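**Student:** Dropping a prediction and its sequence here:
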Amino acid sequence: MTDDRWMSGEAELTGELRTMYAAPTDESYWDSLEARILAHVARGADVHGWWSAMSEMARPALAAAAVLIFVAGAAVMHSRQLEAREAYASVISAAPPSIETAARTASSGDGDAVINYIMSH
């Protein structure tokens, strides 16, 4: 990129950012970084990350999921039983057709009987 595309303030900002984010020139920084990395690698199993906490929660989470599935299944079964009871009750408690409807049905043709029956209810 060329500096002629930027305004003067942007060029100054870019220069400041380059000096801030430049790699350290001091050799002791790199030696201490290497020592920290090697110490971290040497600890190995002592390091606990987020995944170790998740592995500790696996069994309780599976148990909670099983309970949740059981409760949801029981709720579905209960609602289906209620729907079946309501459907059965609506069929049993339906009022029989009146005598007037039956007499009207007998006096009309086959196609009219169905329409008259439907219209009377």
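**Tutor:** On my side now, so go ahead.

**Student:** Least confident secondary structure element in the protein?
**Tutor:** helix 99-107 (a mean of 56; mean pLDDT, DSSP states H and E).

**Student:** Can you list the low-confidence ranges for this structure?
**Tutor:** The model of the chain has pLDDT under 70 over residues 1-8, 45-48, 94-114, 121.

**Student:** 80 instead, please
**Tutor:** By pLDDT under 80, the weakly predicted segments of the chain are 1-9, 43-55, 93-121.

**Student:** The most centrally placed residue in it is in what secondary structure piece?
**Tutor:** The chain has Ala65 as the residue nearest its centroid, 14.2 Å off, counting by CA atoms, centre = their mean. Assigned by DSSP states H and E, Ala65 belongs to helix 58-92.

**Student:** So what's the gap between that helix and the chain middle?
**Tutor:** 20 Å (CA atoms, centre = their mean, to the nearest Å).

**Student:** repeat for stretch 20-31
**Tutor:** 46 Å.

**Student:** then it to CSV, C-alphas only?
**Tutor:** C-alpha atoms of stretch 20-31 as CSV (Å, rounded to 0.1, in the frame of the first residue of the first chain):
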residue,chain,number,x,y,z
MET,A,20,3.1,-0.9,19.4
TYR,A,21,2.6,-4.3,17.8
ALA,A,22,6.1,-4.9,16.6
ALA,A,23,7.8,-8.1,17.8
PRO,A,24,10.0,-7.5,20.9
THR,A,25,13.7,-7.0,20.1
ASP,A,26,14.9,-8.0,23.6
GLU,A,27,16.2,-11.6,23.6
SER,A,28,15.2,-12.1,27.2
TYR,A,29,11.5,-11.8,26.2
TRP,A,30,11.9,-14.8,23.8
ASP,A,31,13.8,-16.8,26.4
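
**Student:** residues of the helix or strand where Met54 lies that come out buried?
**Tutor:** According to DSSP H and E, Met54 maps onto helix 50-56. Neighbour-count burial for helix 50-56, counted by 16 or more other CB atoms under 10 Å, picks out no residue. Glycine gets a C-beta too; all of them are placed from N, C-alpha and C.
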